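**Student:** the sequence isn't on hand, but the structure is:
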């Protein structure tokens, strides 16, 4: 059973920065896709950033040029560096991993970490 553990959330003022980490119980190289999602109160969960095993990185339009998604394979950690945060970024952020194992696709989720942007 794969475990994903997020950390780094908290309260930050508008314009501030936060760094989220997602540590996996197994090597991140074993996943086909690593991603961050977020869910604000009353809204659907949305994709924020993704990273494929081929090295392709994608971002939601709302976070482009402000968020950076990267992988530290040595530490088995996915990192989301968030800059110039605004109140619309307030949400619970979830780490997600997808892998194909023995012919089947599996999705793994972390427990989520709260990010609140407020003055």
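**Tutor:** Everything's here; your move. Keep in mind it's a predicted model, so treat the numbers as computed, not measured. Residues are numbered from 1 along each chain as shown.
**Student:** so what's the most centrally placed residue in the chain bridging to?
**Tutor:** Taking C-alpha atoms, centre = their mean, the centroid of the chain lies closest to residue 36, which sits 2.5 Å from it. In this entry, residue 36 is beta-bridged to residue 49, residue 95, by DSSP bridges.
**Student:** tell me the contacts of it?
**Tutor:** Each residue near residue 36 by C-beta atoms under 8 Å, 6 or more residues apart in numbering is listed here: 20, 22, 47-50, 69, 78, 80, 93-96. (Glycine included, C-beta is placed from N, CA and C.)
**Student:** are any of these buried, and which?
**Tutor:** 20, 22, 48, 49, 50, 69, 78, 80, 93, 94, 95, 96 (16 or more other C-beta atoms under 10 Å).
**Student:** what's around the closest residue to the fifth one other than its chain neighbours, how many residues?
**Tutor:** The spatial neighbour of residue 50 that comes closest, neighbours along the chain excluded (C-beta to C-beta, 6 or more residues apart in numbering), is residue 35 at 4.0 Å. Under the neighbour criterion other C-beta atoms under 10 Å, residue 35 is assigned a count of 21.
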